[in-house]
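Colleague: everything below, folded, please.
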Amino acid sequence: MTVWFSGTGLNKDIFLSLVERYNTLQNKVYVDAESMDYNKMLVAITGGMPPDLGQIAGEGVIDLARRGLLQPLPRYIQEHLMLKDIAPVKIKEATYNGLLYALPTYPIDINGSLVWNKEHFAVAGINPDLPPLTIKDLELYAAKLTKVNGEGRIMQAGFIPWNAVGSKPFTWGWRFGGDFYDYTTEKVTATHPKNIEAFTWLADYGMRYGLAAINEFNVRYGRYYAADSALFQGAESMQVLYSNTPGHARAFAPHLELGHGYLPAPEGQSLPFGWLGGWQMGIPIGAPHTAEAAEFLLWLMEPAQQQEWQKQGGFFLPRISANSLNLLPKESHFYVDMLLASQYYRPAIGPVNTYNNQLLAGLMDILAGKTTPVEMLTNIERNIQGQL
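Modeller: Numbers count the residues shown, from 1 in each chain. Predicted coordinates for the structure are as follows:
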């Protein structure tokens, strides 16, 4: 049985160790696992030469199911597997027309947390254990934490909304109560009123500090998951981040004391918030060993296999009961609660990456005074809808 997966480094090592264990435990089938470029796998599936089991980007499952390229999973999987014990968003992400098409065998990313530098808070006279809970609080905290020199350069940024995971603009639309795709009408909804509200707030926030000054600050630092990020270098006080941040902090900035909490809520929105990313595994149309692939999927979802990801890598698991606080450092415990609170996943449409990139580019155009939120979102809605 052939399994194609995407992964490098520790992810690849853990998955291959699970495959080896499965091959040792039974002799009905031999699993041949091959690391495959995701786009090449999609070409193989659409070209009628699929593997028996393929790892699929979470937001790609419904798109492939809609195009008739994935098989619904056998009914007995739902009977043998406690679906209520799997993060609801990941089940929703893999369900099309009432049928389940994939399972989240890999770890998940829990996105949209607020991470803050406790020392910065204390120096600014802010209780380091009391993060902002509302957007108004966030604005006040950021103003107190931002330091600008006599030349107008930002030396310490309190908060830049579009940095780190905030650079995925879906985050802000969802945080304000918006949405970006209607699965009932199959229409792009970039102009949702709450999306307009979110991008208007982002534009107003940027105008307070100036796009040029923010850009000049940002070019001094690296990506949010790297040692030279503004947060890990002690240059940015608060960032929108995700569940892997505690591990990155231990590796790159163990001297920093960081807090982890929910992204502050706009007026009228509840505080608990988050969105999930991560891979799924499904059986393509034309796969020759459907029954064997389904059995292997069920085995990968068992708690013992799921926990290997946490034991070896400290990752968070889609199977809720498999997450063990004993296997996670204290600073990661918050994300178990955030997992249960997460309601969103990236729109399950083919051009989702184009959608995200156009929203980010559009935000930069708004901040530069080249367009308005309504105009930008209207153009993107028309453009993405035309690609479906």
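
Colleague: only C-alpha atoms for contact and neighbour calcs from this point on.
Modeller: OK.

Colleague: what is the neighbour count of W4?
Modeller: 21 (other CA atoms under 10 Å).

Colleague: correct me if wrong, but it is in a strand.
Modeller: Yes: W4: assigned to a strand according to DSSP: H, G, I helix; E, B strand; the rest coil.

Colleague: so who does it touch?
Modeller: A33, E34, S35, M36, M41, P51, L53, G54, Q55 (CA atoms under 8 Å, 6 or more residues apart in numbering).

Colleague: quick one, grab the pLDDT at the second one.
Modeller: At E34, the predicted lDDT confidence score is 90.

Colleague: try the last one
Modeller: If you check Q55, the pLDDT there is 92.

Colleague: the residue lying closest to it once chain neighbours are set aside in helix, strand or coil?
Modeller: Among residues not flanking Q55 along the chain, M281 sits closest, at 4.4 Å (CA to CA, 6 or more residues apart in numbering). Classification of M281 by three-state DSSP places it in strand.

Colleague: neighbours around K90, how many?
Modeller: K90, neighbours per other CA under 10 Å, totals 26.

Colleague: so it is in which element?
Modeller: K90 is part of helix 88-93 when elements are defined by DSSP states H and E.

Colleague: what residues of that helix count as buried?
Modeller: Buried residues in helix 88-93, defined by neighbour count with 16 or more other CA atoms under 10 Å: P88, V89, K90, I91, E93.

Colleague: next up, the contacts around the fourth one.
Modeller: Same thing as I91. Residues near I91 by CA under 8 Å, 6+ apart: L83, L100, L103.

Colleague: now the spatially most central residue of the chain: how far from N215?
Modeller: Centroid check for the chain by CA atoms, centre = their mean gives G277 as the closest residue, at 3.5 Å. Computed as CA to CA, to the nearest Å, the G277 to N215 distance reads 27 Å.

Colleague: repeat for K136
Modeller: Remark: distance between K136 and N215 (CA to CA) = 24 Å.

Colleague: and H120, by the same measure?
Modeller: H120 is 22 Å from N215, where distance means CA to CA.

Colleague: so after the strand or helix carrying E295, what's the next helix or strand?
Modeller: With elements taken from DSSP H and E, the one containing E295 is helix 290-300. Counting by DSSP H and E, the next helix or strand C-terminal to helix 290-300 is helix 303-313.

Colleague: quick revisit: going by distance to Y355, which of the buried residues of helix 88-93 wins?
Modeller: Comparing the buried residues of helix 88-93 against Y355 with CA to CA picks out E93 as the nearest, at 17.7 Å.

Colleague: quick check, that closest one in contact with V61.
Modeller: Yes: if you go by CA atoms under 8 Å, E93 and V61 touch, sitting 7.2 Å apart.

Colleague: shared neighbours, the two?
Modeller: Common neighbours of E93 and V61 (criterion: CA under 8 Å, 6+ apart): A348.

Colleague: can you map out the strands along the stretch 51-200 of the chain?
Modeller: Using DSSP state E, counting those that start in this stretch, the strands found in the stretch 51-200 of the chain span residues 53-57, 95-96, 99-100, 102-103, 108-117, 147-148, 154-159, 181-182, 187-188.

Colleague: now render those as a markdown table, adding distance to A230.
Modeller: Below are the strands of the stretch 51-200 of the chain laid out as a markdown table (distance: least, CA to CA, whole Å):
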| stretch | distance to A230 |
| --- | --- |
| strand 53-57 | 29 |
| strand 95-96 | 39 |
| strand 99-100 | 41 |
| strand 102-103 | 36 |
| strand 108-117 | 11 |
| strand 147-148 | 14 |
| strand 154-159 | 9 |
| strand 181-182 | 33 |
| strand 187-188 | 34 |
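
Colleague: quick check: which of those is buried the most?
Modeller: Most buried of these, by mean neighbour count (mean count of other CA atoms under 10 Å): strand 102-103, with a mean of 30.

Colleague: that one: partners in the sheet, and parallel or antiparallel?
Modeller: The strands beside strand 102-103 in its sheet (DSSP bridges) come out as strand 275-282 (antiparallel).

Colleague: got a list of contacts for the strand it pairs with?
Modeller: Contacts for strand 275-282 (CA under 8 Å, 6+ apart): 53-58, 61, 70-71, 73, 89-90, 94, 101-112, 171, 297, 339, 342-346.

Colleague: got the angle for it vs helix 290-300?
Modeller: Orientation of strand 275-282 against helix 290-300 (axes from the mean of the first three to the mean of the last three CA atoms, to 10 degrees) gives an angle of 140 degrees.

Colleague: strand 275-282 to strand 108-117, inter-axis angle?
Modeller: Using the same axes, to 10 degrees: strand 275-282 against strand 108-117 is 160 degrees.
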